[in-house]
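Asks: Just need the structure, nothing else, for what follows:
(one chain, ligands or ions: 1)
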Amino acid sequence: MTHSLPILAVLISGSGSNLQALIDAVQDGRLKARIAVVVSNRKAAYGLERAARAGIPTRYHPLKPYRDVGRERTEYDADLAVILAEYAPDWVVLAGWMHIFSDAFLRHYPHRIVNLHPALPGTFPGARSITDALAAYQRGEITQTGVMVHLVPDERVDEGPVLATRTVPILPDDTQDTLAARIHAAEHDLLLATLRQLIESRGKKE
Ligand code: GRF
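Replies: Below you'll find the model as predicted:
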């Protein structure tokens, strides 16, 4: 049977709670797509377990073997594009993917790579955005933070055409954990809502 559903490849590096939100939504019909593969660059990523439990094929693609023999990141990126080509994804979803892609990967999926970032556009790029937002709040510089979903057009980190944002309040007694929990809950909702809109409007690759 040909799969008429749009095909997603989801890339992770950690717990995969956002991946789990997508898996649950596919299983209960809220997301009309098929997650064809989950790729992690970290073997210990719990998200690989989540995928396996859901019967989704997983691939492990570490950077270290390239670095150990002096091979370029661009070779790693190009090889990952070859791996993904086996699944012919219509969308590549970076759900906690902690690796900055070069054009050697990006060029294969123009306007089709979606990244989730736990901060509002133009604020707190990189891997410590929740920590940085809490510190800025405690210094009195901000009163709230947020999350965003954007397209990944080029090698800029956590930038690109913004598809959706949601503000997240910071509370006076927040700790890193309480704020992170509130942020991740917002991410789960926003990523799903944004992918639903993308799939309704631009479903399968031309
Ligand atoms: C999320 O906050 C994502 O925005 C960031 O890393 C976290 C991944 O969480 N890039 P999870 O692995 O989906 O639980």
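Asks: Quick check: chain neighbours aside, which residue is closest to residue 93?
Replies: Spatial nearest neighbour of residue 93, chain neighbours left out: residue 10 (4.7 Å); criterion: CB to CB, 6 or more residues apart in numbering. For the C-beta atoms, the positions are set from N, CA and C on the backbone; glycine is no exception.
Asks: again, but for residue 188
Replies: Counting by CB to CB, 6+ apart, residue 21 is the residue found nearest to residue 188 once chain neighbours are left out, at 3.8 Å.
Asks: I'd guessed the one you found sits against residue 193; true?
Replies: No - when contacts are counted by CB atoms under 8 Å, residue 21 is not listed as touching residue 193 (10.5 Å).
Asks: tell me which element the residue nearest to residue 188 falls in.
Replies: helix 17-27 (DSSP states H and E).
Asks: Look at the residue of the chain found nearest the ligand and tell me its secondary structure.
Replies: Closest approach between the chain and the ligand, counting by CB to the nearest ligand atom: residue 96, at 2.5 Å. Using DSSP: H, G, I helix; E, B strand; the rest coil, the structure places residue 96 in coil.
Asks: Looking at the chain, which helix is longest?
Replies: helix 176-202 (DSSP state H).
Asks: If we look just around the ligand, which residues of the protein are in range?
Replies: 12, 14-19, 47, 95-96, 116-118, 184, 187 (CB under 6 Å from any ligand atom).
Asks: Need the buried ones from those residues selected in PyMOL.
Replies: Selecting only the buried entries of these in PyMOL, with 16 or more other CB atoms under 10 Å as the criterion:
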select buried, resi 12+14+16+17+18+19+47+95+96+116+117+118+184+187
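Asks: The closest residue in space to residue 13 that isn't next to it in sequence and residue 148, how far apart?
Replies: Leaving aside its sequence neighbours, residue 13 sits nearest to residue 98 (CB to CB, 6+ apart; 4.0 Å). In this view, residue 98 and residue 148 are 17 Å apart by CB to CB, to the nearest Å.
Asks: in this protein, what spans have low per-residue confidence?
Replies: 1-3, 206 (pLDDT under 70).
Asks: where along it do the helices fall?
Replies: Under DSSP H, the chain gives helices at 17-27, 46-53, 64-68, 73-85, 103-106, 129-138, 176-202.
Asks: just checking, which of the ones you listed sits deepest inside the structure?
Replies: Highest mean neighbour count among those (mean count of other CB atoms under 10 Å): helix 17-27, with a mean of 20.
Asks: What helices and strands are in contact with that one?
Replies: strand 7-12, strand 34-40, helix 46-53, helix 176-202 (3 or more CB pairs under 8 Å, 6 or more residues apart in numbering; DSSP states H and E).
Asks: Run through who's touching the first one.
Replies: Outside strand 7-12, the residues that touch it by CB atoms under 8 Å, 6 or more residues apart in numbering are 18-19, 22, 33-41, 45, 47-48, 51, 84, 87-97, 195, 204.
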